[in-house]
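Participant: task: produce atomic coordinates for the following.
(one chain, ligands or ions: 1)
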Amino acid sequence: FSAHKVASMGAGPLYMRLQRLLEDAISSGILKEGEALPTERDIAELTDLSRVTVRRAVDDLVRQGRLIRRHGSGTFVAPTVSRVEQSLSLLTSFTEDMARRGLSSRSEWLERMVAAPSPDEMMVLGLSMGDTVARLERLRIADDVPMAIERASIIGSFLPDPASVTDSLYDALGKRSARPCRATQRISARNVDEREASLLQVIPGEAALYIERVSYLPNGRVIEFTRSVYRGDAYDFVAELKIPE
Ligand code: GLP
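Facilitator: Next up is the predicted model:
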């Protein structure tokens, strides 16, 4: 980085020129995926720009998902997202889907508790007053890329201790002989709000897929009601089509 390089980045406000310089450094591989950016103070010194200008350029790139800010450890080049192809007709878990593609999966917990069911949960899960639900909200991450926000509601009696779910929900249900064997799924288009954007590391208003899954046990009992927001730039849903009989 240098004042000369910033000046060479064409016209426009200084923060935009610095942004272009940073974008070029990322796309040409000078700054690699996962690599730490110099501190804002260092960039300001090297480029003769004010800290305010540097912060504005970096903030915008964080909002666009090109950079990631990790509290306490600095700013890093975001990993690139490769699109994931997902079957529309197989009942699989996120963990299994990612493992099949050789990706490691993990979750950041946003909520994991037993609660009184909301009217929606009561209706979908067939619960009455006095019943409970286990609510599990997670940011689902594949190889460091945030892919989806999932809010699962499970009938409380099947998962009395949601804190026992550490990785895969379907594995935990399987251990209690309550893994779903059938599901219906509804997919619709949606734009992410501020909270979703910051969790998924995309720009607010970006396209996403909103997916509701209701899944059933072999005896026909509903067990799961999950609402998910999947990044629109990360998923292709694929189905095999047949001629109607
Ligand atoms: C998918 C589904 C969810 C389901 C989840 C279980 O992502 N959309 O409805 O709850 O898989 O995944 P895991 O077993 O990895 O927690």
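Participant: how about the helices in the chain?
Facilitator: Secondary structure of the chain (DSSP state H): helices at 3-7, 14-27, 40-47, 51-63, 94-100, 119-125, 169-175, 194-200.
Participant: can you redo those helices as JSON lines with mean pLDDT, mean neighbour count and distance to L217?
Facilitator: C-beta: built from backbone N, CA, C; applies to glycine. Converted to JSON lines, the helices of the chain look like this (pLDDT from 0 to 100; neighbours: other Cβ atoms under 10 Å; distance: least, Cβ to Cβ, whole Å):
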{"stretch": "helix 3-7", "mean pLDDT": "75", "mean neighbour count": "14", "distance to L217": "61"}
{"stretch": "helix 14-27", "mean pLDDT": "89", "mean neighbour count": "18", "distance to L217": "48"}
{"stretch": "helix 40-47", "mean pLDDT": "91", "mean neighbour count": "17", "distance to L217": "53"}
{"stretch": "helix 51-63", "mean pLDDT": "91", "mean neighbour count": "18", "distance to L217": "43"}
{"stretch": "helix 94-100", "mean pLDDT": "92", "mean neighbour count": "17", "distance to L217": "18"}
{"stretch": "helix 119-125", "mean pLDDT": "97", "mean neighbour count": "14", "distance to L217": "12"}
{"stretch": "helix 169-175", "mean pLDDT": "96", "mean neighbour count": "18", "distance to L217": "9"}
{"stretch": "helix 194-200", "mean pLDDT": "93", "mean neighbour count": "16", "distance to L217": "30"}
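Participant: can you put these in TSV and add distance to T132?
Facilitator: Below are those laid out as TSV (distance: least, Cβ to Cβ, whole Å):
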stretch	distance to T132
helix 3-7	58
helix 14-27	48
helix 40-47	48
helix 51-63	39
helix 94-100	24
helix 119-125	10
helix 169-175	16
helix 194-200	26
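Participant: which among those is found nearest to R227?
Facilitator: Closest of those to R227 is helix 119-125, at 9.2 Å (criterion: Cβ to Cβ).
Participant: same for the closest one, what does it pack against?
Facilitator: Counting contacts by 3 or more Cβ pairs under 8 Å, 6 or more residues apart in numbering; DSSP states H and E, helix 119-125 packs against strand 145-155, strand 222-231.
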